[in-house]
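>>> Fold the following and give me the result.
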Amino acid sequence: MTDTTAGASSRVPAASAAGRPDTRLVVIRGNSASGKSSVAQGLRDHYGRGVAIVGQDVIRRNVLREHDTACGANIALLGRVARHALDAGFHVVLEGILYADRYSHMITSLVRDHRGVSACYYLDVPLEATLARHASKADAAYREQVTDNHLTSWYRERDLLPGALETVIPADSTLEDTVTRMVRDTDLSAAAAPPPQSKPSRGDSMNPVVLMSDPQVAAIPVRECGEPLVDMRDHDFRVDPRKHDPRGAFAHVREGVLARLTHARSLLPAGTDLLFIEGYRPLSLQQRYFTGYRDQLAADNPDWTPEQLYQAASRYVSPPEIAPHCAGAAVDVTLVDQDGHELDLGTRVNASPEESDGACFTHAANISDRARHHRALLLDAMQGAGFTNYGTEFWHFSAADRYDALMRQEPFARYGPIELP
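Predicted coordinates for the structure are as follows:
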């Protein structure tokens, strides 16, 4: 280690845990014009909202307007911004030239302290290719301001971090291949693009909702990713006991669903929190729910055909063969205040269309302005974290299951039916 590293380390705060087990930290380093910012943006484009890009140039040049020196204030600030974003539930991409002798202590401390998955990459582009890439940039003013002489003076060959911490990405790796590799390495699953269907206007219950019984849902193939179920009660969430079962199945969700819920909490206003009601549901229980509701409808509507009963039942209970709860992909949630009291969202959670006169529909018109405001808070937070709402139930959200895949026009679902260990 050199004296310059010691100078930088004096500005780094004392080590403390950062982020959560479900957050991801990706560090991308390399010389100027190696493609760092493009890769960072590619990761965000893949994932959507929920990825914080912490760029060295933004902090050093735009925020602080300082030179890159061993004792620069940007070194500690980069680390603090990254830690704060991780603590708030964001995945973080830290990118920049980040010379090893100046920034290694900050980076290695951040990786060491991060509770979740961390991965570091070095984009290894030769000087000749760097100059060629720079010459191809469309911004003529930038090319005049940053010359080949600048790039040559800044260039360091394979300026790797100590301890074999980084994966070296060769110059012939395409942008798509590089992003795909980082996503695979970190399991940074695509999440937050909004559903492609037009969003019904709030208060309009007449907009059509794609039901779980729609053949399009069952037609979506499943490529099971093997992600395990985790217990929400182990992760500092408010978990309501109303759906408690002897094995505690109700409190389990897939790891990726937990990550999204964590992020959704960070998007809620102060004094408001999620109340988790139910997640995983064994197939046998889902079958019992569906059959019971269908039989109730049959008794109340003796002239309905089996097809009508099946479709009507699926407004409120998912058919067992495609139910996202059975995949650990769905959650039933509502909002509470800071004291844990449920907020008014128009109806009780799990109110049927018959009981609520249709007010259980997410965009129902027959609810108060206050309830509509609370529903908007819940919907915006959950969709912002990558969930898809089932339009007949304001409390039901899912991710990476067949229904979510259909709404996002994805070719397959990542979560299929799973058994509780």
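
>>> Just give me the neighbour total for P302.
6 (other CB atoms under 10 Å). The way it works is simple: take the backbone N, C-alpha and C, and place the C-beta from them, glycine included.

>>> quick one: E227 and L258, what's the gap?
Distance of E227 to L258, given as CB to CB, to the nearest Å: 10 Å.

>>> low pLDDT regions in the chain?
For the chain, the stretches flagged by pLDDT under 70 are 1-15, 133-145, 189-208, 315-316.

>>> Give me the buried stretch members for stretch 103-121, please.
Going by neighbour count (16 or more other CB atoms under 10 Å), the buried part of stretch 103-121 is 103-111, 113-114, 116-121.

>>> got the end-to-end distance for that stretch?
When the termini of stretch 103-121 are compared using CA to CA, to the nearest Å, they are 14 Å apart.

>>> Determine how far the last residue of stretch 127-146 lies from the first.
OK, stretch 127-146 end separation, CA to CA: 15 Å.

>>> name the element Q308 belongs to?
Using DSSP states H and E, Q308 maps to helix 306-313.

>>> Does that helix pack against any helices or strands, and if so which?
Counting contacts by 3 or more CB pairs under 8 Å, 6 or more residues apart in numbering; DSSP states H and E, helix 306-313 is packed against helix 283-300.

>>> Doesn't L86 belong to a strand?
No: according to DSSP: H, G, I helix; E, B strand; the rest coil, L86 belongs to no strand; its state is helix.

>>> can you pull the contacts of it?
L86 is in contact with A18, G19, R20, T23, L25, V92, H114, G116, counting by CB atoms under 8 Å, 6 or more residues apart in numbering.

>>> And what about V333, helix, strand or coil?
Per three-state DSSP, the local secondary structure of V333 is strand.

>>> can you check L94 too?
strand.

>>> That one and P306, how far apart?
57 Å.

>>> Kindly report the same for A18.
For A18, the distance to P306 - CB to CB - is 55 Å.

>>> Of those two, which one has the most company?
Neighbours were counted for A18 and for P306 using other CB under 10 Å; A18 has more, 25 against 9.

>>> And the strands in the stretch 301-421 of the chain?
330-337, 388-389, 396-398 (DSSP state E, counting those that start in this stretch).

>>> Dump those strands to JSON lines, plus distance to D87 and mean neighbour count.
Putting the strands of the stretch 301-421 of the chain into JSON lines (distance: least, CB to CB, whole Å; neighbours: other CB atoms under 10 Å) gives the following:
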{"stretch": "strand 330-337", "distance to D87": "22", "mean neighbour count": "21"}
{"stretch": "strand 388-389", "distance to D87": "27", "mean neighbour count": "24"}
{"stretch": "strand 396-398", "distance to D87": "24", "mean neighbour count": "27"}
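
>>> Output these in TSV, with distance to R372 appended to each entry.
Shown next, in TSV, are the strands of the stretch 301-421 of the chain (distance: least, CB to CB, whole Å):
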stretch	distance to R372
strand 330-337	13
strand 388-389	14
strand 396-398	18
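
>>> Of all those, which one is nearest A381?
Among these, the nearest to A381 by CB to CB is strand 330-337 (8.8 Å).

>>> Let's see the closest one as CSV, backbone CA atoms only.
Taking Å, rounded to 0.1, in the frame of the first residue of the first chain, the C-alpha atoms of strand 330-337 are listed here in CSV:
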residue,chain,number,x,y,z
ALA,A,330,-47.6,-13.2,-4.1
VAL,A,331,-48.3,-11.1,-1.0
ASP,A,332,-51.3,-9.7,0.6
VAL,A,333,-50.4,-6.4,2.3
THR,A,334,-52.0,-3.2,3.5
LEU,A,335,-50.9,0.0,5.2
VAL,A,336,-50.5,0.9,8.9
ASP,A,337,-49.5,4.1,10.7
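
>>> Buried residues in the helix holding Q308, which are they?
In helix 306-313, counting by 16+ other CB under 10 Å, buried: L309, Y310, Q311, A312, A313.

>>> Tell me how this protein divides into domains.
Following automatic domain parsing, one finds the domains of the chain at 3-186, 215-407.

>>> wait, what's in contact with P126?
A171.

>>> For it, give its distance to L151.
12 Å.

>>> Looking at the buried residues of helix 306-313, which is nearest D273?
Taking CB to CB as the measure, D273 lies nearest A313 of these, at 32.3 Å.

>>> hang on, that closest one packs against F290?
Yes: if you go by CB atoms under 8 Å, A313 and F290 touch, sitting 6.1 Å apart.

>>> what about S109, helix or strand, and which?
Element membership for S109 (DSSP H and E) is helix 100-113.

>>> so S153 is in which element?
Per DSSP H and E: helix 148-154 holds S153.

>>> For that helix, list every residue counted as buried.
Of the residues in helix 148-154, L151 count as buried by neighbour count, 16+ other CB under 10 Å.

>>> Let's see it as PDB, backbone CA atoms only.
Output in PDB follows, covering the C-alpha atoms of helix 148-154 (Å, rounded to 0.1, in the frame of the first residue of the first chain):
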ATOM      1  CA  ASP A 148      -6.200  11.800 -26.700                       C
ATOM      2  CA  ASN A 149      -3.400  13.300 -24.600                       C
ATOM      3  CA  HIS A 150      -5.700  13.500 -21.600                       C
ATOM      4  CA  LEU A 151      -6.800   9.900 -22.000                       C
ATOM      5  CA  THR A 152      -3.300   8.700 -22.400                       C
ATOM      6  CA  SER A 153      -2.100  10.500 -19.200                       C
ATOM      7  CA  TRP A 154      -5.100   9.100 -17.200                       C
END
